[in-house]
Every structure is written in structure tokens, then in C-alpha cells.
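Asks: Here's my sequence, what's the structure:
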Amino acid sequence: MAVATRRFSAAPRISIWKALLYVALIIGVIFTLAPVVYMFSQAFTPEAQTMVWPIRWIPETPTIGNFQRIMSDPTLPVFRWLINSLVVATSVTALVLFICSLTAYAYARLEFPGRDAIFFLLLTSLMIPGAVTFIPNFLLMRNLGWLNSYNGVIWLHGANVFGVFLLRQHFLSLPKELEEAAVVDGAGRFRIYWQIALPLVKTALVALGIFTFLANWNDLFWPLVILSDRNMLTLPVGLQVLGQGNYVQRGITMAAAALATTPPLILYAIFQRRIVEGISMTGMGGR
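Replies: A predicted model of the protein is given here:
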């Protein structure tokens, strides 16, 4: 009877903790979504109504005039900045997927002296702050003549250690029997990598591709340093330019911010499951 009483009294405690957890999650969601909702609301609000207090979460007279202006006004090349960001992010993503996958496959399958030691040194570079390498990278771009050039933005980010680690772990989880059978059939090492190993780690490739695309889509600091031509700016740098001056046109700025936010939201909504799968399988590789 005493055991039954303890079990009965424990049940409300569990439900209370769950309720508190749900309340905390709901509060977190509200604080996360509120700026996004406000941004889209201001993007569809006429400029004259953007400074109204209290805040109006739903515009009284919704308009697409802010979007029309940033698409047509030659003094506000937001659409050009959008295309620039798309070109840079796509190019970097393609480079990262190819270079990191090729490097990761070499560390996972090729036997050469000092392989594990070199890979360990590669991983230790993750502990080096990016600010430490900023000046050397800038001097390198200057010596190559890549200042105010997309080469200076794209090639510097064309590979990363995290991508090598992520893909190496997935390559290690693949059965070697598949590659041994391909060798018997006369396949070379690159063909095995390209036609057999790479398709089997597509989940990790999708996750790495999305992470890389979003990181470069949102990158502000490096393009701000490298690019000086107004027509070559990426969208995050362009948003920083729109926010300068004594008078900021909030409707136009929010419309541009909405354009910058939409692609990441769409990508994450479509590939959310792939991202989770790619990261959750990272630790499954063996030696």
C-alpha cells in the first residue's frame, strides 16, 4: 500500500516538471520568433508607419512597395547583392564538398606514414581562433592580388577541418568489402571514391553542404574586409551599408533583411531531417 502511495504521489511531480519544461520551451520559441515576425511585418509596412508605437505586429495597410523599390532602385542594388551572395555561397559550398570529401577519403582509406598524426594536427587547428589568422590571410590575399575580388572571398573558405572530420567519420563506417570488390573488378582509387564511397555518404554531404552554404550566406566580416566595390558586395555587407547614416529607412532595410533570411529558412525546413542524420552519424566511424 505504501509503494502504491509513493507511485501515486510521484506522478504529479513528473507532470509538473513536464509542464515547466513546455512553458520554458514556449517562452524560448516566442523570444526566437518575435524578431523574425517583426522583421517580416516591417518589410510589408509603409515607411511612414514603421516608427509607430506601440509596435504593430500586423501592418494596417500591407504593401510590397519596399520590395519593389529595392528591386528597381539603381541606388539600392539589393537584388545584385542577393545574386552576389548566391554566387559566393554556392561556389564555396561546391569547393568544400569536393576538397573536404577527397581529403576525408584519403585519411579514412589510404595508408601512409604519419597519417593519424597529421590528422590529429589538423584537428588541433580547430582550437586556433579565427582572429589569429586574420592578418596573415589578408596579407596573402593582397599578395595574390585578390583584394576586391570574389577569389579572395571564395578560395579562402574552400575547405575546412570540420568538413574533413565529418566526412572521414562517415567514410570509416563504410564496409571495406565494397571497395575490395570494386578493386577486383578493376576500379581505380578515384573511381571507387567517386562512384561508390561518395554516394554512400550523401547524408553527410547534404548536412555539410547546408552548413557551408548558410555560413557563407551569412558571412559579414571577411567580405566586408575584402570587397570595396559597391556592386560586388554580398547581401550581409549590403545590409550593413543600408543601416548606416543618420536616417535609416526601416521598411527597405527590413525588406532586404527578409530577402536575406528567407533562403536559410527554406533550406532548413526542407533538409532538417538530413542535417540531424548527418550529424548524429558522425561518431559511428571506426578505425
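
Asks: rest of the way, CA atoms for contacts and neighbours
Replies: OK.

Asks: any chance you could map the helices in the stretch 151-287 of the chain?
Replies: Remark: helices assigned in the stretch 151-287 of the chain by DSSP state H, counting those that start in this stretch are 161-172, 176-184, 189-192, 198-200, 202-217, 221-226, 235-242, 250-280.

Asks: Including mean neighbour count and distance to residue 80, could those helices go into a markdown table?
Replies: Below are the helices of the stretch 151-287 of the chain laid out as a markdown table (neighbours: other CA atoms under 10 Å; distance: least, CA to CA, whole Å):
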| stretch | mean neighbour count | distance to residue 80 |
| --- | --- | --- |
| helix 161-172 | 23 | 30 |
| helix 176-184 | 13 | 46 |
| helix 189-192 | 14 | 39 |
| helix 198-200 | 15 | 35 |
| helix 202-217 | 22 | 14 |
| helix 221-226 | 17 | 15 |
| helix 235-242 | 20 | 8 |
| helix 250-280 | 17 | 11 |
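
Asks: which residues does residue 228 contact?
Replies: Residues counted as contacts of residue 228 (CA atoms under 8 Å, 6 or more residues apart in numbering) are residue 148.

Asks: Could you report the distance from it to residue 178?
Replies: 50 Å (CA to CA, to the nearest Å).

Asks: likewise residue 41?
Replies: Noted for residue 41: a distance of 54 Å to residue 178, by CA to CA.

Asks: How about residue 29?
Replies: Residue 29 is 45 Å from residue 178, by CA to CA.

Asks: Kindly report the same for residue 198.
Replies: Distance from residue 198 to residue 178, by CA to CA: 12 Å.

Asks: Next: residue 25.
Replies: Taking CA to CA, one finds residue 25 at 45 Å from residue 178.

Asks: Same check on residue 43?
Replies: 53 Å.

Asks: try residue 95
Replies: Distance, residue 95 to residue 178, by CA to CA: 27 Å.

Asks: Residue 15 too?
Replies: For residue 15 relative to residue 178 (CA to CA), the value is 50 Å.

Asks: To residue 137, which of the helices of the stretch 151-287 of the chain lies closest?
Replies: Closest approach to residue 137 among the helices of the stretch 151-287 of the chain is made by helix 221-226 (10.0 Å; CA to CA).

Asks: host element of the residue nearest to residue 159 when sequence neighbours are not counted?
Replies: In space, and not counting its chain neighbours, residue 159 is closest to residue 96: 4.6 Å by CA to CA, 6 or more residues apart in numbering. Using DSSP states H and E, residue 96 sits in helix 78-109.

Asks: Columns mean pLDDT and distance to residue 105 on top of the helices of the stretch 151-287 of the chain, output as JSON lines?
Replies: Listed next are the helices of the stretch 151-287 of the chain as JSON lines, based on pLDDT from 0 to 100; distance: least, CA to CA, whole Å:
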{"stretch": "helix 161-172", "mean pLDDT": "93", "distance to residue 105": "6"}
{"stretch": "helix 176-184", "mean pLDDT": "89", "distance to residue 105": "12"}
{"stretch": "helix 189-192", "mean pLDDT": "91", "distance to residue 105": "10"}
{"stretch": "helix 198-200", "mean pLDDT": "93", "distance to residue 105": "9"}
{"stretch": "helix 202-217", "mean pLDDT": "92", "distance to residue 105": "13"}
{"stretch": "helix 221-226", "mean pLDDT": "93", "distance to residue 105": "29"}
{"stretch": "helix 235-242", "mean pLDDT": "87", "distance to residue 105": "34"}
{"stretch": "helix 250-280", "mean pLDDT": "82", "distance to residue 105": "16"}
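
Asks: Specify the stretch among those helices that is closest to residue 70.
Replies: Proximity to residue 70 (CA to CA) singles out helix 250-280 among the helices of the stretch 151-287 of the chain, at 6.9 Å.

Asks: burial count for residue 195?
Replies: Per other CA atoms under 10 Å, the neighbour tally for residue 195 reads 11.
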